[in-house]
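Enquirer: The sequence and its predicted three-dimensional model are supplied below.
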Amino acid sequence: MDAAVDASTSQFELNEEQRAIQEMAQAFAADRVAPNALDWDRRKHFPADVIRETGPLGLGGIYVRDDVGGSALGRLDAVLIFEALSHADPGFSSFISIHNMVASMIDRFGNDEQRQRFLPKLTSMEWLASYCLTEPGSGSDAAALKTRAVKSGGDYVLNGAKQFISGAGDSDVYAVMVRTGADGPKGISTIVVPKDAPGLSFGANEHKMGWHMQSTRQVIFEDCKVPAENLLSGEGAGFGIAMAGLDGGRLNIAACSLGGAQSALDKALSYTAERKAFGSKINQFQALQFRLADMETELQAARIFLYAAASKLDRKAPDAGKWSAMAKRFVTDTGFNVANDALQLLGGYGYLHDYGVEKLVRDLRVHQILEGTNEIMRVIIARALIGR
Amino acid sequence: MHIVVCIKQVPDSAQIRVHPVTNTIMRQGVPTIINPYDLFALEEALKLRDVHGGEVTVLTMGPPMAEDSLRKALGYGADRAVLLTDRYFAGSDTLATSFALSQAIAKIGETFGRPDIVFTGKQTIDGDTAQVGPGIAKRLDLSQLTYVAKIASIDLDTREIEVARRAEGGTQLLKSRLPCLITMLEDTNEIRRGSLQQALCAARSQVVKWTAADAGIDDLTRCGLRGSPTVVKRVFAPTARAERAAQIDTAERGLQDIADELIADILTRRPALEHELAFNSGT
Ligand SMILES: Cc1cc2nc3c(=O)[nH]c(=O)nc-3n(C[C@H](O)[C@H](O)[C@H](O)COP(=O)(O)OP(=O)(O)OC[C@H]3O[C@@H](n4cnc5c(N)ncnc54)[C@H](O)[C@@H]3O)c2cc1C
Ligand SMILES: Cc1cc2nc3c(=O)[nH]c(=O)nc-3n(C[C@H](O)[C@H](O)[C@H](O)COP(=O)(O)OP(=O)(O)OC[C@H]3O[C@@H](n4cnc5c(N)ncnc54)[C@H](O)[C@@H]3O)c2cc1C
């Protein structure tokens, strides 16, 4: 894609198909998600029904191959979808993003039988999926994970716990990174655990700052039996699978910040056009105009950066991983700052739930932490720059 | 089954502003939508296709940018879209619009198969006349089913159709034959949401673009401004009147007599009108 900017929409130039994808996702988000987002947040309600509606629309396997019901689109297409959904609700969008990450891992690394067994139900969203890498004792240093899987007859028996798992308890399948071999990344495998596996249980829903519409729980394995046919690829391939998922997942999470931040900026623009102080509309104060100008500039820079990183991954450019990391770091930092600035522009009302901006600030904060913290993104970028 | 749905691109009335001085509608920069009634018609057509098989063709007459609304219709799942666009159509009133659309529908019939049903909306939200549907039906000699709330049944073997029609004071159940023209009411359908695949199909498909000549229209004097006898003198909001409307019983006397009498009555109240009418028909 050319790095041209379309004059009519002041947007990175998208082709007709990408625009159609964007419009379709925007329409769904505006009708079905945006009107409910604050309510879901307040009630900590997981909208399984609305999430499942996205399956028949083709959002359950955006970049999964089409023989199993996927939409077979690219990473930039996906970014446009997550940006559109997160304009309505970053938490909702992130859930769909994680589900897609798992579906694509099974699509890429599963064998034929596994693809046929899991993907039609995942792409249709009949089943929802969670991604289980983090453990109580290991987050950034994911390769230090301890959850063990031991082969016994036709099963693997799992023991250990995963921490901070989005959708835990609500999802139907769990892509779990487990240790089947020695310490370090080479001893890790990925296995798909169904919700009804014996010995699988879930911790309490964590009380957290944002992302209230979905649960975050521990996933606990106590002699949990999983059929050996559920192992993706071979033993020892798990760390690579987990990282491959995250490479694209990072772009999605960044897109979830972009849309949320755009929504905050939109709210700030309309609020400052109405609110009066000292005898004029507050958007007539140059200090605030400059703030708005900076927010727009930084957000557009983030958008172009993210779209460029996504097209790198689409074209399988050799430096796509570095670009994903850079985009994740830059877009999630920018997104949070823009949302936080928007809150300030709404004054005391920005701090009130009903105005919708404080929720965006709370939701976007975690994007700087998960799918690799922004410090870890710098580790990845520096490694690519300097070498190990 | 082949179904043609006529859709019109109209300004989104929710976002229309009226010029404070001239009191005219400011169309500049107002986003456009598919006329809501036409969307209900499209949904009904898609449902029929999903059950009985066949194709849905959407048709609009309008400027090149009306292609947007056709693409939207393709995104909902229509199979084909025809844009009738030509500078000769500019300034069409309902007479010229129904003429051009019926010619195009005839051409669609020749090219893609004769339609079994032509749908229009009950009326548009900008012109509001509700004349175009009946105008098409008359010209194409289709059975005319207006103000339809629901299609009760269709039998493709006997070519019979049953519809529920909203009438004053109740619902009529009408039986008719295909081919027919149906004008659809509002709120009759929940509009479906197009999937990603359909959005992509819409973006990938070609909209068929026809000029007047392509649609087989030879008589250009019946198109656009030239074919439009309607003259808008003034647009205003009518004030509510004190006197009540009288109900005329058509059982006692012939319609022609009643009409003559009414016209005579109007002319005695507004004598200037007689002169104007004579003037207009003379040109
Ligand atoms: C709401 C929520 C949802 C989540 N969902 C999921 C999920 O679905 N699946 C899943 O697997 N995980 C999930 N996580 C976990 C998340 O990915 C981890 O929290 C994250 O990777 C950080 O790990 P940690 O919390 O253990 O922090 P630590 O790794 O302990 O890091 C603590 C601090 O040290 C910094 N740090 C660590 N190492 C370095 C280094 N080498 N150089 C510089 N700084 C460093 C970190 O950046 C951080 O600031 C979720 C977390 C949250 C909060
Ligand atoms: C008094 C008056 C004066 C007007 N003067 C002018 C003028 O000077 N210049 C001008 O450009 N316009 C003018 N118009 C607008 C123009 O006449 C109408 O917009 C047009 O003829 C369609 O009529 P309508 O909108 O009332 O449609 P209706 O009869 O209310 O529409 C019924 C249905 O017909 C179908 N339909 C209508 N129009 C189209 C279309 N273009 N393509 C496909 N399907 C369609 C739709 O399914 C619609 O739901 C005028 C309208 C009025 C009422």
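Expert: Great, that's in hand. Ligands and ions are numbered 1, 2, ... in the order given.
Enquirer: can you give me the helices for the stretch 201-350 of chain A?
Expert: Taking DSSP state H, counting those that start in this stretch as the test, the helices found in the stretch 201-350 of chain A are A:238-274, A:286-314, A:320-345, A:347-350.
Enquirer: what's near enough to touch B:N35?
Expert: Residues in contact with B:N35, defined by C-beta atoms under 8 Å, 6 or more residues apart in numbering or on different chains, are B:I7, B:K8, B:Q9, B:V10, B:G121, B:T124, B:I125, B:D126. Glycine gets a C-beta too; all of them are placed from N, C-alpha and C.
Enquirer: Distance to A:L385 for the helices of the stretch 201-350 of chain A - can I get that in a markdown table?
Expert: Conversion of the helices of the stretch 201-350 of chain A to a markdown table gives the following (distance: least, C-beta to C-beta, whole Å):
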| stretch | distance to A:L385 |
| --- | --- |
| helix A:238-274 | 17 |
| helix A:286-314 | 16 |
| helix A:320-345 | 8 |
| helix A:347-350 | 38 |
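Enquirer: Need these in TSV (columns: distance to ligand 1, mean neighbour count and mean pLDDT).
Expert: Output for the helices of the stretch 201-350 of chain A, formatted as TSV (distance: least, C-beta to the nearest ligand atom, whole Å; neighbours: other C-beta atoms under 10 Å in any protein chain shown; pLDDT from 0 to 100):
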stretch	distance to ligand 1	mean neighbour count	mean pLDDT
helix A:238-274	8	24	96
helix A:286-314	20	18	96
helix A:320-345	11	24	97
helix A:347-350	23	14	97
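Enquirer: Distance check, B:V30 against ligand 1.
Expert: As defined by C-beta to the nearest ligand atom, to the nearest Å, B:V30 lies at a distance of 42 Å from ligand 1.
Enquirer: so how far is B:R27 from the residue nearest to that residue when sequence neighbours are not counted?
Expert: Nearest non-adjacent residue to B:V30, counting by C-beta to C-beta, 6 or more residues apart in numbering or on different chains: B:P11, 4.4 Å away. The spacing between B:P11 and B:R27, counted by C-beta to C-beta, to the nearest Å, is 6 Å.
Enquirer: Out of those two, name the residue with the larger neighbour count.
Expert: Shown here are B:P11 and B:R27; by other C-beta atoms under 10 Å in any protein chain shown, B:P11 has more neighbours (18 against 11).
Enquirer: Which residues are in contact with A:D66?
Expert: Neighbour list for A:D66: A:A72 [criterion: C-beta under 8 Å, 6+ apart].
Enquirer: correct me, but A:A339 touches A:A261?
Expert: Yes. With contact defined as C-beta atoms under 8 Å, A:A339 counts as touching A:A261 (5.1 Å).
Enquirer: so what's in contact with the two at the same time?
Expert: Residues touching both A:A339 and A:A261 (C-beta under 8 Å, 6+ apart): A:L360, A:L364.
Enquirer: and whichever residue of the stretch 151-283 of chain B sits closest to ligand 2, what are its phi and psi?
Expert: The stretch 151-283 of chain B approaches ligand 2 most closely through B:V232 (4.3 Å), counting by C-beta to the nearest ligand atom. Main-chain torsions, B:V232, degrees, to the nearest 10: phi -90, psi 120.
Enquirer: if we can go back for a sec, so which of the helices of the stretch 201-350 of chain A gets nearest B:E261?
Expert: In terms of C-beta to C-beta, the element of the helices of the stretch 201-350 of chain A nearest to B:E261 is helix A:238-274, at 57.8 Å.
Enquirer: Could you confirm whether any residue of the closest one contacts chain B?
Expert: No. Helix A:238-274 is not in contact with chain B by C-beta under 8 Å from any C-beta of the partner chain; minimum separation 14.5 Å.
Enquirer: In terms of helices and strands, where is A:H87?
Expert: Assigned by DSSP states H and E, A:H87 belongs to helix A:75-88.
Enquirer: can you give me the angle that helix makes with helix A:286-314?
Expert: Put simply, helix A:75-88 runs at 150 degrees to helix A:286-314, going by axes from the mean of the first three to the mean of the last three C-alpha atoms, to 10 degrees.
Enquirer: before we move on, back to that, next, work out how far apart the residue of the stretch 151-283 of chain B closest to ligand 2 and chain A are.
Expert: Going from B:V232 to chain A by C-beta to the nearest C-beta, to the nearest Å gives 32 Å.
Enquirer: what does the model give that residue for pLDDT?
Expert: pLDDT, B:V232: 78.
Enquirer: Quick one: residues contacting it.
Expert: Counting by C-beta under 8 Å, 6+ apart, B:V232 touches no other residue.
Enquirer: and the closest residue to B:V5 other than its chain neighbours, helix, strand or coil?
Expert: Nearest residue to B:V5, sequence neighbours excluded (C-beta to C-beta, 6+ apart): B:F119, at 4.5 Å. Secondary structure for B:F119, judged by DSSP: H, G, I helix; E, B strand; the rest coil, is strand.
Enquirer: distance of A:A317 from ligand 2?
Expert: Spatial separation of A:A317 from ligand 2 under the definition C-beta to the nearest ligand atom is 47 Å.
Enquirer: got any ranges where the stretch 51-200 of chain B has weak pLDDT?
Expert: The stretch 51-200 of chain B contains residues with pLDDT under 70 at B:187-188.
Enquirer: same thing but at 80, please
Expert: B:187-190 (pLDDT under 80).
Enquirer: what about residue 176, which helix or strand?
Expert: I went with chain A, as the question did not name one. Here A:V176 sits within strand A:173-179, counting by DSSP H and E.
Enquirer: Wait, chain B was what I had in mind.
Expert: Using DSSP H and E, B:S176 maps to strand B:170-177.
Enquirer: Run me through the strand neighbours of the following helix or strand past that strand, direction for each.
Expert: Per DSSP H and E, strand B:170-177 leads on to strand B:180-184 as the next helix or strand towards the C-terminus. Applying DSSP bridges, strand B:180-184 is found paired with strand B:117-121 (parallel), strand B:143-155 (parallel).
Enquirer: can strand B:180-184 be found next to ligand 2?
Expert: No. Figure legend: strand B:180-184 not in contact with ligand 2 (C-beta under 6 Å from any ligand atom); closest approach 6.5 Å.
Enquirer: next one: the strand holding A:V176 to chain centre, how far?
Expert: Distance, stretch centre to chain centre, for strand A:173-179: 18 Å (C-alpha atoms, centre = their mean, to the nearest Å).
Enquirer: what helices or strands is it leaning on?
Expert: Applying 3 or more C-beta pairs under 8 Å, 6 or more residues apart in numbering or on different chains; DSSP states H and E, one finds that strand A:173-179 makes contact with helix A:90-109, strand A:129-132, strand A:148-152, strand A:155-166, strand A:188-194, strand A:216-227, helix A:238-274.
Enquirer: and the ones you listed as CSV, adding distance to B:I191?
Expert: Formatted as CSV, these follow (distance: least, C-beta to C-beta, whole Å):
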stretch, distance to B:I191
helix A:90-109, 22
strand A:129-132, 30
strand A:148-152, 49
strand A:155-166, 33
strand A:188-194, 37
strand A:216-227, 36
helix A:238-274, 24
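Enquirer: State which helix of chain B is the longest.
Expert: helix B:94-112 (DSSP state H).
Enquirer: Count the neighbours of A:I381 for me.
Expert: 18.
Enquirer: Which strand or helix spans it?
Expert: Assigned by DSSP H and E, A:I381 falls in helix A:374-386.
Enquirer: ok and that helix relative to helix A:320-345, angle-wise?
Expert: Put simply, helix A:374-386 runs at 140 degrees to helix A:320-345, going by the same axes, to 10 degrees.
Enquirer: related to what we said a few turns ago, show me the contact partners of the longest helix of chain B.
Expert: B:2, B:4, B:6, B:55, B:57, B:59, B:61, B:80, B:82, B:84, B:89, B:92, B:115, B:118, B:127, B:129, B:131-132, B:134-136, B:138-140, B:210, B:212, B:214-217, B:222-224, B:227-230.
Enquirer: Selecting buried members of the residues you listed in ChimeraX, what would you type?
Expert: ChimeraX command restricting those to the buried ones, with burial defined by 16 or more other C-beta atoms under 10 Å in any protein chain shown:
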select /B:2,4,6,55,57,59,61,80,82,84,89,92,115,118,132,134,135,136,139,140,210,212,214,215,217,222,223,224,227,228
